[in-house]
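[1] Fold the following for me, if possible:
(one chain, ligands or ions: 2)
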Amino acid sequence: MSKVLILTGAGISAESGISTFRDSDGLWENHRIEDVCTAGCLDTNEEATKKFYDARREDIKDKKPNYAHQLIVELKQKYPQEIAVLTQNVDDLFEKAGMKSDEIVHLHGFLKELRCRGCDEIFDIAYKAQDSFANLCESCGSQLRPNIVFFGEAAPKYQILTQKLNECELIVIIGTSGNVLDVTYFAQLTDKSILNNLEKSSAIDDSCFTKVYYAKATDAIAEIAEYIEDFLEEL
Ligand code: APR
Ligand code: ZN
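    Ligands and ions are numbered 1, 2, ... in the order given. Okay, the predicted model is just below:
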């Protein structure tokens, strides 16, 4: 049973140099969601879609985790049962900071994987371009696709999110605008809640949170980690 749920978004990786989606100059300012991240775009716009994710893979190759990733990995390893870490991010910065694959849930998929459109088998592609890897699944011969959840598609790992939301007593939200996941609602479901973003988001009612930090994640994380440890020690 995880008493603490840490849920992160693009903001936690911003200081590592990975663009967020909705901040100024974010990915959705320079690319149309409809073109590269919507159900069906692999059928109507396959080349541009693959190219977009090839570029994302290339972009994360040399990026390094920051202090916020590192401290969360340390906390998770100190309290493996008590803390659940879920991220909307498709980058590998938690893994680069030492997180094992079974210690983190990537709710929206993972850039370093392709998935078979037929049998759902997952293939590790690392930082390669999709076409240089393989076009067809070696098990069933169907086409491969980025293992990313597009808008309008099912997100199977939301089941884990629901389960963790039911279990947790403290939820910690870091670096998400709340446009995709309704983090205000999550805070209302939970006894205690922490919000850390760079600035206020129109999609979040911050009055529903126990504690709010408008600061860079790397500046706020030490205090947040202390709060989590105090919370767990008092249980
Ligand atoms: N520290 C903390 N927060 C930050 C920082 C930082 N250094 N820089 C930016 N932020 C915050 C912004 O204030 C904003 O609230 O991160 C948030 C980024 O919001 P979005 O760009 O909307 O990213 P996110 O909420 O993760 O997007 C959700 O949308 O398109 C999809 O699937 C994609 O997983 C993604 C989902
Ligand atoms: Zn297959």
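
[2] can you list the domains in the protein?
    The chain breaks down into these domains under automatic domain parsing: 4-18+63-108+154-234, 30-54+109-148.

[3] okay if I get those as JSON lines plus distance to ligand 2?
    (Each C-beta comes from the backbone N, C-alpha and C, glycine too.) As requested, the domains of the chain are exported to JSON lines (distance: least, CB to the ion, whole Å):
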{"stretch": "domain 4-18+63-108+154-234", "distance to ligand 2": "17"}
{"stretch": "domain 30-54+109-148", "distance to ligand 2": "3"}
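
[4] Next, format those domains as CSV and append distance to ligand 1, mean neighbour count and mean pLDDT.
    Below are the domains of the chain laid out as CSV (distance: least, CB to the nearest ligand atom, whole Å; neighbours: other CB atoms under 10 Å; pLDDT from 0 to 100):
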stretch, distance to ligand 1, mean neighbour count, mean pLDDT
domain 4-18+63-108+154-234, 2, 18, 98
domain 30-54+109-148, 6, 16, 95
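
[5] could those go into a markdown table alongside distance to residue 24?
    Formatted as a markdown table, the domains of the chain follow (distance: least, CB to CB, whole Å):
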| stretch | distance to residue 24 |
| --- | --- |
| domain 4-18+63-108+154-234 | 11 |
| domain 30-54+109-148 | 11 |
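
[6] need the strands for the chain, in chain order.
    For the chain, the strands defined by DSSP state E occupy 4-8, 83-87, 104-106, 109-116, 122-124, 144-148, 170-174, 192-197, 211-214.

[7] Outside of the fourth one itself, list whatever touches it.
    This points to strand 109-116. Under the criterion CB atoms under 8 Å, 6 or more residues apart in numbering, residues 53, 56-57, 60, 90-92, 121-127, 130, 133-134, 137, 139-140, 142-149 lie in contact with strand 109-116.

[8] can you count the residues close to residue 25?
    When neighbours are counted by other CB atoms under 10 Å, residue 25 registers 8.

[9] starting at the chain centroid, how far to the longest helix seen in the chain?
    Determined from DSSP state H, the single longest helix within the chain is helix 217-234. Computed by CA atoms, centre = their mean, to the nearest Å, the chain-centroid distance of helix 217-234 equals 20 Å.

[10] who are the neighbours in contact with residue 206?
    195, 200, 212.

[11] residue contacts, the second one?
    For residue 200, the residues meeting the contact criterion (CB under 8 Å, 6+ apart) are 206, 214.

[12] one more time with 6 Å, if that's ok
    Contacts were defined as CB atoms under 6 Å, 6 or more residues apart in numbering; by that measure residue 200 touches no other residue.

[13] ranges for the helices of this structure?
    11-14, 27-30, 33-36, 41-44, 46-60, 67-78, 93-96, 130-133, 158-167, 183-189, 217-234.
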